[in-house]
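**Student:** just coords:
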């Protein structure tokens, strides 16, 4: 392993999968076990701003973009989007990055991706770190309400019928500072989150094809790994934000209780962006998890909390 502070390996590339989608990925650092970072819906890596370089000091870390997200394209058949393709995509990207096995980190949608990947490719998973996400069917619990589930079919039909008009509306809204500030105050902890840490998320979402977004969300809405949780046989750390409105904290507790011998970190003031709000706390807990459950040598110095 390269000691902290030394230059680390960096590689970025695209991988064309059999149905024609070009998947973007980047690899940083060296060392085992390897790590794979799985994003949330509509994200291209913003949640890993602090954790990625921290992990890359001692590990090979793979970050990649789902179909239609970030720098990844979609195939000519634009129906081939969502959970049905994500696990096979990730297996191919791991091959391209030289990772036979890895610890999977999932944020938001990435929790579903990581759990489903373990179901299909258990031999390739050494551990799970599940951050601010649900095991499935997120529309059923968004804001502790079924409202989004009830209105989503109407929203999807509107987006599918008027994609260009929807894209213009979304771009206009998400590039307005008032909307950004409202989102920060209503959905995140404004005392802990930095505006600049969220800028990449709003920028990416403003550029994203809304049809890809709703089709991916539709695939999440009907997917669940609940039935698989009791069969998770690798060390698992669940991280929850007590004030998370997207995936309420009780979901994380329920998930941790069902996964054998899992560990739970609840961040009392944390929201859906807890890895950005209290990065030092998350890093310390991840380091302890890797050391105690996977036998990974700890870093030379502890990170700052907060």
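**Tutor:** Noted; the coordinates are in hand. All values reported here derive from a predicted model rather than from experimental measurement.
**Student:** what comes into contact with the helix or strand bottoming out on mean pLDDT in the chain?
**Tutor:** Least confident helix or strand, the chain: helix 177-187 with a mean of 88, by mean pLDDT, DSSP states H and E. Applying C-beta atoms under 8 Å, 6 or more residues apart in numbering, the contact partners of helix 177-187 are 173-174, 190, 193, 195, 198, 202, 245-246, 271-272. For every residue, glycine as well, the C-beta is placed using N, CA and C.
**Student:** Check which residues of it are buried.
**Tutor:** 180, 184, 187 (16 or more other C-beta atoms under 10 Å).
**Student:** Just put those in JSON lines and tack on distance to residue 10.
**Tutor:** JSON lines is the format used below for the buried residues of helix 177-187 (distance: C-beta to C-beta, whole Å):
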{"residue": "180", "distance to residue 10": "30"}
{"residue": "184", "distance to residue 10": "31"}
{"residue": "187", "distance to residue 10": "32"}
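**Student:** List just the nearest of those residues to residue 215.
**Tutor:** Distance to residue 215 across these (C-beta to C-beta) is lowest for residue 187, with 23.2 Å.
**Student:** I'd say residue 275 and residue 43 touch.
**Tutor:** No. At 11.7 Å, residue 275 does not count as touching residue 43 under the criterion of C-beta atoms under 8 Å.
**Student:** could you pull out the strands for the stretch 151-300 of the chain?
**Tutor:** All strands of the stretch 151-300 of the chain, identified by DSSP state E, counting those that start in this stretch, fall at 236-241, 263-267.
**Student:** Can you say which of the ones you listed is packed in most?
**Tutor:** Mean neighbour count (mean count of other C-beta atoms under 10 Å) peaks for strand 236-241 among those, with a mean of 26.
**Student:** Residues in contact with that strand: which ones?
**Tutor:** Residues outside strand 236-241 that contact it (C-beta under 8 Å, 6+ apart): 127-132, 249, 251-253, 255-256, 259, 261-267, 270-275, 277, 282, 285-286, 289, 293.
**Student:** Now, those residues that are in helices?
**Tutor:** Applying DSSP state H to these, the entries found in helices are 249, 251-253, 255-256, 274-275, 277, 282, 285-286, 289, 293.
**Student:** Where is pLDDT lowest across these?
**Tutor:** Minimum pLDDT for the ones in helices among the contacts of strand 236-241 is recorded at residue 249 (92).
**Student:** so which two of the contacts of helix 177-187 are the farthest from each other?
**Tutor:** Maximum distance among those (C-beta to C-beta): 20.6 Å, for 173 and 271.
**Student:** Same drill for the two, tell me which one is more crowded.
**Tutor:** Neighbours of residue 173 and residue 271, each counted by other C-beta atoms under 10 Å, are more numerous for residue 271; the result is 23 against 15.
**Student:** could you list every residue that touches that one?
**Tutor:** Neighbours of residue 271 in contact, by C-beta under 8 Å, 6+ apart: 132, 187-189, 193, 241, 243-245, 277.
**Student:** Right, I'll call it a day here.
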